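> Requesting a structural model of the entry that follows:
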Amino acid sequence: GDLADTITMGAGADSLTPGGGADKIYYTFVTPANAATESGAATGDTDYVLNTAGDTINGFVSGTDKIYIKATAVTNAKGTEADTLLTIGAAGTITNAARFVEITAAFDGTTGDAVTDLAAATTTAVESADSVVVFMHDSTDGYLFLVEEAGTGSIQAGEVTLIAKIAGVTDIANGDLVSY
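Residues are numbered from 1 along each chain as shown. This is a model prediction of the structure:
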């Protein structure tokens, strides 16, 4: 409705349209396996497919609505994590304080291309089992991925899980992604 809605995502690929208020969308996963169950997208090179792989969030308003991710799902052993959105370009550096990262590199909307862009990022501050949520966008939509480093040196397909497509959103603001 027009009021602030609180929505908790369930198992499988959900499709939702928040209302007109300051909406809160909660994810409850704490591991990549949980994220895969919650979004319907297997960890690895799994592309978004409506109602099959990845949640669909329609009508998200950056700066007003918020997506909440469990703090235990976005951790770094070396640093003190912060909810501040880290925005980087192609081959940028993911720091040890990052929970949420926006990558502005060219992206075609496929998980394979996301993996390529993520592998190009500098991740020396990211240790095995550290994880971040990454926002990337193509020309029309944004995509959220959970990335959990498995100690391979650079990010690989098996370390990436599609969470959601955020329809019509090509940029997010600091504060749109929040840990709880």
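> What are the boundaries of the helices in the chain?
With DSSP state H as the criterion, the chain has helices at 32-39, 111-120.
> which residues are in contact with the first one?
Helix 32-39 is contacted by residues 9-13, 27-29, 42-43, 53-55, 73, 131, 146, 148, 159, 161-164 when judged by CB atoms under 8 Å, 6 or more residues apart in numbering. Heads up, the C-betas are built off the backbone N, CA and C, glycines and all.
> Can you convert the helices of the chain into JSON lines and add a column each for distance to residue 89 and mean neighbour count?
Below are these laid out as JSON lines (distance: least, CB to CB, whole Å; neighbours: other CB atoms under 10 Å):
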{"stretch": "helix 32-39", "distance to residue 89": "26", "mean neighbour count": "20"}
{"stretch": "helix 111-120", "distance to residue 89": "10", "mean neighbour count": "20"}
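> Next, format those helices as TSV and append distance to residue 87.
Conversion of the helices of the chain to TSV gives the following (distance: least, CB to CB, whole Å):
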stretch	distance to residue 87
helix 32-39	22
helix 111-120	14
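> out of those, nearest to residue 99?
helix 32-39 (14.3 Å; CB to CB).
> Report the rounded mean pLDDT for the closest one.
Averaged across helix 32-39, pLDDT comes to 94.
> Please apply the same query to stretch 58-65.
96.
> what's the distance between that stretch and the middle of its chain?
15 Å (CA atoms, centre = their mean, to the nearest Å).
> end-to-end on it?
11 Å (CA to CA, to the nearest Å).
> check contacts around the spatially most central residue of the chain.
The centre of the chain sits closest to residue 144, judged by CA atoms, centre = their mean, with a distance of 2.9 Å. Contact analysis of residue 144 by CB under 8 Å, 6+ apart lists 67, 133, 134, 135, 162, 163, 164, 166.
> go on, residue 148?
By CB under 8 Å, 6+ apart, the residues touching residue 148 are 31, 32, 129, 130, 131, 159, 161.
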